[in-house]
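Trainee: sequence unknown, structure follows:
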DNA sequence: TTGAAAGCGCTACCAG
DNA sequence: CTGGTAGCGCTTTCAA
């Protein structure tokens, strides 16, 4: 017989204890804490009272062993530094909790591959996995599928990979920016890219460039930022703005990059938007502050999180989608004072030249 | 007999399955995945090979039922909006993971009391609880104590409450700011407070004010911000800076408040630091950017997290502290260009008056 | 070193 | 509606 091996043993009040004190069976205690089981109101009250007196709380770990549901959702956050991600995490966690689930958070440490941590999460028998800006191998996707653990990739997708994905309409966002900058009379445009392989980066860029081509705008410089970071945006902007024929509008792959771009421009003695317009992507909280007042595409984080929950079967009607779904939610252009209408300025100059 | 009630059943490969395929007992499989149990190298290899082929992964949920250790640490984050908290969360999660634990994250939704969610976490049998900028009642503290679940309050403490606490030296930080502002020739100082009951707010303020008194500086305005928010800082600064005899230095209870203060000053046509010096508290990443370049007290987040882990017994040597510990880590003054030396400026004016 | 068996705390089935 | 009982997948004695 297994005798109390652990010093902590005995600390916990079990259903058995409650059962004994009021002289009923342990099953009855279980029923009192179940929504579905049938139990008389009177008995339920007796149980609850005794439970409270003893400080009994059902052990959900033991429960999950039988129900095969831990009610835990794993969230893998590849990045917490970019201010966009706290927003995403907040939204995700709120919705997970609202659906009655707990969040098991994992932040890969530097150099740790997401593939390596999935088995860990699986061992914890999580009911679903949400990957933000991270990807897994198709082998790992298969392992998750074999265990019936749905996986959704948030803010990124991998064509051909058989997991669900939710992202905002990055191609459409790029197009919106192109339309807007052209409509406001910008003539020498530039796109500052981030990680080559990130779908967010690729789609924003291709939407932007293809629309410019449609609009017969020929001059679009492209600069590799390398990363979605302030420093990358800063360095790229410096390079672009020091050119002889410098661009009159810079579109950055993300807001933080754009912040770097604005600071770089100011450091060069250029006015934003007077000399150069700056556009970002995400609409992080900082973009709204007067110091940057950044024109940007707002990512519909709330809707994206909702879509993720639905796909995972944690939303309204339960039951995860079986075929890999790829949901795309449309963003909105938010215009602030990091951009301006150059036609008006030009007209003004024509009427009253300096 | 309980027959597979759940549709998901059968999906999982169990130790029993592995045992059958290589014709050994299930206990042997268990031993192969245990550090301590004695098993021959050869057998271990056989087991691991078979396990890999079948895709077997131990079910840690089942394990924890016996070991009474889930290896999960609950982190309660009252706030993810203030940019200081993502930094804290990142650090905390990294250290929790490095110690071999998983993070169960809880973000109270608007209006949700922390006391109400603790039972939830306890049901998940977490091994420890970390509360950031949140407090629980002494009744709840007692419940946790009765279950031997250590609780540490991070960046806040409640005198008299019997839980562990880790914070930075907020009194000392306030003092450092006072010393610095006085030494650099500021004469009309102001402190912008946040939540009255927050120990962070109280201590920073009392350190600041008491040192000023020691230094025989009489004029220190105090303004209630109300909250640790950009808007609160902005509004408070507007009120202070519109006064006839306006202050020449503002010390805000936090960085985000200070950002609001800087923007307010600029909106009023005042130069920072030319007309007014601004000091914050926390040293969030944004404080380092040129647009704000905020002088502030850097909170030693890494050291604070380390202290929390030690107290909880998750650090180097295991074993939680039994008596409530209150650890205080010292911060550092980081001077940037939101403040200036007014003595130099004054001397200059005396030599060559405008 | 290995196998057999008990049981962690709970749910789910079966009778009554 | 309630009690009895069989296990969820695992660790841990105890014997061999």
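Mentor: It's in. No experiment lies behind these values; they were computed from the predicted model shown.
Trainee: now do the lowest-mean-pLDDT helix or strand in chain A: everything it contacts.
Mentor: Least confident helix or strand, chain A: helix A:342-351 with a mean of 78, by mean pLDDT, DSSP states H and E. The set of residues external to helix A:342-351 that reach it, using C-beta atoms under 8 Å, 6 or more residues apart in numbering or on different chains, is A:184, A:185, A:186, A:187, A:248, A:277. Backbone N, C-alpha and C define where each C-beta goes, glycine included.
Trainee: tell me the contacts of the first one?
Mentor: This means residue A:184. A:277, A:339, A:340, A:341, A:342, A:343.
Trainee: how about the helices in the stretch 151-300 of chain A?
Mentor: Counting by DSSP state H, counting those that start in this stretch, one finds helices in the stretch 151-300 of chain A at the ranges A:170-183, A:199-214, A:230-241, A:255-267.
Trainee: may I see the buried residues of the shortest one?
Mentor: Translated: helix A:230-241. Along helix A:230-241, these residues count as buried under the neighbour rule (16 or more other C-beta atoms under 10 Å in any protein chain shown): A:230, A:232, A:233, A:234, A:235, A:236, A:237, A:238, A:240, A:241.
Trainee: from those residues, pick the one nearest residue A:36.
Mentor: When the buried residues of helix A:230-241 are compared for distance to residue A:36, the smallest value, 52.4 Å, is given by residue A:230; criterion: C-beta to C-beta.
Trainee: now that closest one: closest residue in space, sequence neighbours ignored.
Mentor: Here the nearest residue to residue A:230 in space, its sequence neighbours aside, is residue A:260; by C-beta to C-beta, 6 or more residues apart in numbering or on different chains that works out to 4.1 Å.
Trainee: distance of the residue in chain A that DNA strand D sits nearest to relative to DNA strand C?
Mentor: Using C-beta to the nearest atom of the strand, residue A:38 is the residue of chain A that sits closest to DNA strand D, at 2.6 Å. Computed as C-beta to the nearest atom of the strand, to the nearest Å, the residue A:38 to DNA strand C distance reads 9 Å.
Trainee: then residue A:302?
Mentor: Residue A:302 sits 33 Å away from DNA strand C, going by C-beta to the nearest atom of the strand.
Trainee: stretch A:272-292 vs chain B: in contact?
Mentor: Yes: for stretch A:272-292 and chain B, the contact criterion (C-beta under 8 Å from any C-beta of the partner chain) is met by A:285, A:286, A:289, A:290, A:291, A:292.
Trainee: kindly indicate which of those lies nearest DNA strand C.
Mentor: When the residues of stretch A:272-292 next to chain B are ranked by distance to DNA strand C (C-beta to the nearest atom of the strand), residue A:285 comes first, at 41.2 Å.
Trainee: which residues does the closest one contact?
Mentor: Neighbour list for residue A:285: A:83, A:87, B:81 [criterion: C-beta under 8 Å, 6+ apart].
Trainee: near DNA strand D, from the residues you listed?
Mentor: Restricting the contacts of residue A:285 to those near DNA strand D by C-beta under 7 Å from any atom of the strand leaves nothing, as none qualifies.
Trainee: among these, which are in helices?
Mentor: Secondary structure from DSSP state H places residue A:87 of these in helices.
Trainee: roughly how far apart are the residue nearest to residue A:230 and residue B:324?
Mentor: From residue A:260 over to residue B:324 the distance is 45 Å, taken as C-beta to C-beta, to the nearest Å.
Trainee: which one of the contacts of helix A:342-351 sits closest to residue A:55?
Mentor: In terms of C-beta to C-beta, no member of the contacts of helix A:342-351 lies closer to residue A:55 than residue A:277, at 62.6 Å.
Trainee: for that closest one, name its beta-bridge partners.
Mentor: For residue A:277, the beta-bridge assignment (DSSP bridges) gives partners residue A:249.
Trainee: spell out which parts of chain A neighbour DNA strand C.
Mentor: Close to DNA strand C, as judged by C-beta under 7 Å from any atom of the strand, chain A has residues A:1-2, A:9, A:12, A:14-16, A:26-27, A:30, A:33-34, A:36-37, A:56, A:58-59, A:62-63, A:65-67.
Trainee: of those residues, grab the buried ones for PyMOL.
Mentor: Here is the PyMOL selection string for the buried members of those, based on 16+ other C-beta under 10 Å:
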select buried, chain A and resi 12+15+30+33+56+58+59+62+63+65
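Trainee: that older thread, quick one: the least confident helix or strand of chain A to chain centroid distance?
Mentor: Here helix A:342-351 is found 41 Å from its chain centre; the criterion is C-alpha atoms, centre = their mean, to the nearest Å.
Trainee: quick one, that helix and helix A:170-183 angle?
Mentor: 10 degrees (axes from the mean of the first three to the mean of the last three C-alpha atoms, to 10 degrees).
Trainee: list the buried ones in helix A:342-351?
Mentor: Within helix A:342-351, the residues scored as buried using 16+ other C-beta under 10 Å are residue A:342.
Trainee: now stretch A:82-99
Mentor: By neighbour count on 16+ other C-beta under 10 Å, the buried set for stretch A:82-99 is A:82-97, A:99.
Trainee: same question for it, mean pLDDT?
Mentor: Stretch A:82-99 shows a mean pLDDT of 97 in the predicted model.
Trainee: tell me the most buried of the helices of the stretch 151-300 of chain A?
Mentor: Per-stretch averages of neighbours, counted by mean count of other C-beta atoms under 10 Å in any protein chain shown, single out helix A:255-267 among the helices of the stretch 151-300 of chain A, with a mean of 26.
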